[in-house]
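J.: got a structure for you, letters missing:
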Ligand SMILES: C[S@@+](CC[C@H](N)C(=O)[O-])C[C@H]1O[C@@H](n2cnc3c(N)ncnc32)[C@H](O)[C@@H]1O
């Protein structure tokens with residue numbers, strides 16, 4: 001079970017340094033971590049994954065630095081435990097798939113498109129002795145990737161959501177959702193998901209605090225017959241959204 005520090009999920013820098021002594025190289029004279037440094041961010045997040053969630057996670061040197069606490073808080077908005085779930089785009093860390101399996105005891109299938117990320121995800125799953133079925137996407141989202149006739153209680157994703165490539169942090173596949181507001185990937189996902197959800201099942205999307213993007217996906221969801229609920233939650237100083245679409 002995750003540890004709660006002072007009522008909040010987090011990890012004091014001192015404890016992170018104890019787990020990963022290399023972090024000392026990124027401390028200033030007052031013991032503050034230089035989180036503008038990518039290597040420091042990776043090490044700190046690896047320490048959080050280990051100390052709070054009991055996960056051993058290696059990050060791809062050029063991938064998105066997935067933050068464990070944000071992903072855990074997201075999963076808590078819709079998982080009750082034991083569901084059969086599908087994650088689209090698990091990324092190189094496979095962090096949410098691992099949490100769903102280890103912490104929420106779900107039966108997990110996860111997909112990934114990128115070859116190198118897929119290989120990292122596979123090793124992270126193996127390293128944690130997790131029973132996650134990992135499937136390589138051929139470019140499709142659900143259809144053509146997941147066997148026809150299979151049904152899930154929950155389909156979730158932290159989808160790519162930029163309208164066009166952004167400088168710096170994200171690779172194109174990680175970042176670009178397409179469409180006017182970056183919604184195209186998510187819209188395709190919720191369309192396809194309808195055929196792969198059990199009755200009463202739901203889709204959950206991890207989204208940034210970007211109203212036009214959320215509105216356009218929510219509208220499309222209602223058109224498709226989902227009932228839609230948006231739960232906003234705070235991670236550090238940032239707001240994030242869990243957009244949940246329930247199938248009748
Ligand atoms: C924004 S990242 C999220 C990664 C990770 N789940 C997380 O929470 O940080 C989106 C991921 O989806 C992958 N992806 C993009 N298109 C995909 C597709 N059609 N099928 C499966 N994965 C895809 C990308 O390679 C990337 O790893």
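T.: Yes, it's here. Just so you know, these numbers come straight off a predicted model, no measurement behind them. Numbers count the residues shown, from 1 in each chain.

J.: use CA for all of it now, contacts and neighbours both
T.: Noted.

J.: Please name the residues that touch the closest residue to residue 139 other than its chain neighbours.
T.: The shortest distance from residue 139 to any non-neighbouring residue, by C-alpha to C-alpha, 6 or more residues apart in numbering, is to residue 113 (6.4 Å). Neighbouring residues of residue 113 by C-alpha atoms under 8 Å, 6 or more residues apart in numbering: 89, 136, 137, 138, 139.

J.: can you pick the most crowded of those?
T.: residue 89 (27 neighbours; other C-alpha atoms under 10 Å).

J.: Pretty sure that residue sits against residue 110.
T.: Yes - counting by C-alpha atoms under 8 Å, residue 89 does reach residue 110; the two are 7.0 Å apart.

J.: in the helix or strand of the chain with the lowest mean pLDDT, what counts as buried?
T.: In the chain, no helix or strand scores lower on mean pLDDT, DSSP states H and E than helix 172-175, which sits at a mean of 74. Across helix 172-175, burial judged by 16 or more other C-alpha atoms under 10 Å covers 174, 175.

J.: pLDDT below threshold where in this protein?
T.: Residues of the chain that meet the criterion pLDDT under 70 lie in 1-8, 167-172.

J.: ok, which residues in it are in contact with the ligand?
T.: 66, 88-91, 111-114, 137, 139-141, 158-160, 173-175 (C-alpha under 6 Å from any ligand atom).

J.: what's the residue lying farthest from the centre of the chain sitting at in phi/psi?
T.: The centre of the chain is farthest from one residue, residue 29, which by C-alpha atoms, centre = their mean lies 34.0 Å away. Backbone geometry at residue 29, expressed as degrees, to the nearest 10, gives phi -60, psi -20.

J.: helices or strands next to the lengthiest helix in the chain in the packing?
T.: The longest helix of the chain (DSSP state H) is helix 38-53. Where contact means 3 or more C-alpha pairs under 8 Å, 6 or more residues apart in numbering; DSSP states H and E, helix 38-53 is packed against helix 13-19, helix 68-76.

J.: Can you pull out the residues in contact with the longest one?
T.: Looking back up the chat, that one is helix 68-76. Here helix 68-76 makes contact (C-alpha under 8 Å, 6+ apart) with 9-10, 45, 48-49, 95-96, 99-100, 206, 233, 235, 241-242.
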